[in-house]
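Colleague: no sequence for this one, just the structure:
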Ligand SMILES: CC(C)(COP(=O)(O)OP(=O)(O)OC[C@H]1O[C@@H](n2cnc3c(N)ncnc32)[C@H](O)[C@@H]1OP(=O)(O)O)[C@@H](O)C(=O)NCCC(=O)NCCS
């Protein structure tokens, strides 16, 4: 039978204050395994909610992946206004039922472009050592993987903005042009 998840369009765009309820709902829907992978440890509903209510800060950018209008995946780029050359940390979450169909990949590409356009020199991502999907996603985007005793740090260095990268972000943000989910 055809996988229904693959027949729907995916829209990736920056999240705004008007998306706050969707952000909280997305984080609360993350199952225990996904939460552990995302936060590198167990987190209660209360803890997740508190976290979700604070992600739209002045020094962060959050992008969401919407499938059929529902927020199913999210990436945060944090801390990039604290240093020069700018350094930011990226953290991803895709709901378990929506993993492995390209949402993480689409979020990665969009975030990378946004970081490039804001002259972020270094993007860092931390995950547990056993988080093979995240390791694979980072390696696929040419990140350098630094393996610790129980964690992995993935590091990327975006190039300077180009007319293409700026146009790519503008088109994505203004048209909400849907990616097609292919298996
Ligand atoms: C990591 C995560 C964001 C990836 O999102 P996703 O939407 O599933 O990603 P995609 O579907 O775009 O890509 C997943 C890739 O991992 C691969 N993969 C899946 N399971 C894998 C495994 N056990 N080992 C290696 N690769 C694996 C898939 O084949 C796919 O690769 P491909 O596109 O080359 O075929 C998602 O799994 C997630 O939210 N995990 C929990 C939270 C988390 O780990 N966050 C990272 C900490 S910052």
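Modeller: Thanks, I have it. Here the structure is a predicted model, which is why all the values come from computation and not from measurement.

Colleague: pull out the buried residues from whichever strand or helix holds residue 28.
Modeller: Residue 28 belongs to helix 20-29 when assigned by DSSP states H and E. Neighbour-count burial for helix 20-29 flags 22-24, 26-27, 29 (criterion: 16 or more other CB atoms under 10 Å). (C-beta placed from N, C-alpha, C; glycine too.)

Colleague: so which of the residues you listed comes closest to residue 42?
Modeller: residue 27 (14.0 Å; CB to CB).

Colleague: that closest one and the ligand: what is the separation?
Modeller: As for residue 27, its distance to the ligand is 11 Å (criterion: CB to the nearest ligand atom, to the nearest Å).

Colleague: and the gap between that residue and residue 44?
Modeller: Counting by CB to CB, to the nearest Å, the separation of residue 27 from residue 44 is 12 Å.

Colleague: interface residues of the protein facing the ligand?
Modeller: Within the chain, the residues that sit near the ligand (CB under 6 Å from any ligand atom) are 34, 37-38, 73, 91-94, 99-105, 125, 127, 131-134, 136-137, 140.

Colleague: what about the residue in the chain that the ligand sits nearest to, how many residues nearby?
Modeller: Relative to the ligand, the nearest point of the chain is residue 104 (2.4 Å; CB to the nearest ligand atom). Residues contacting residue 104 under the criterion other CB atoms under 10 Å number 23.

Colleague: got the buried residues for whatever helix or strand it lives in?
Modeller: Using DSSP H and E, residue 104 sits within helix 103-117. Residues of helix 103-117 classed as buried: 103-104, 106-108, 110-117 (neighbour count, 16+ other CB under 10 Å).
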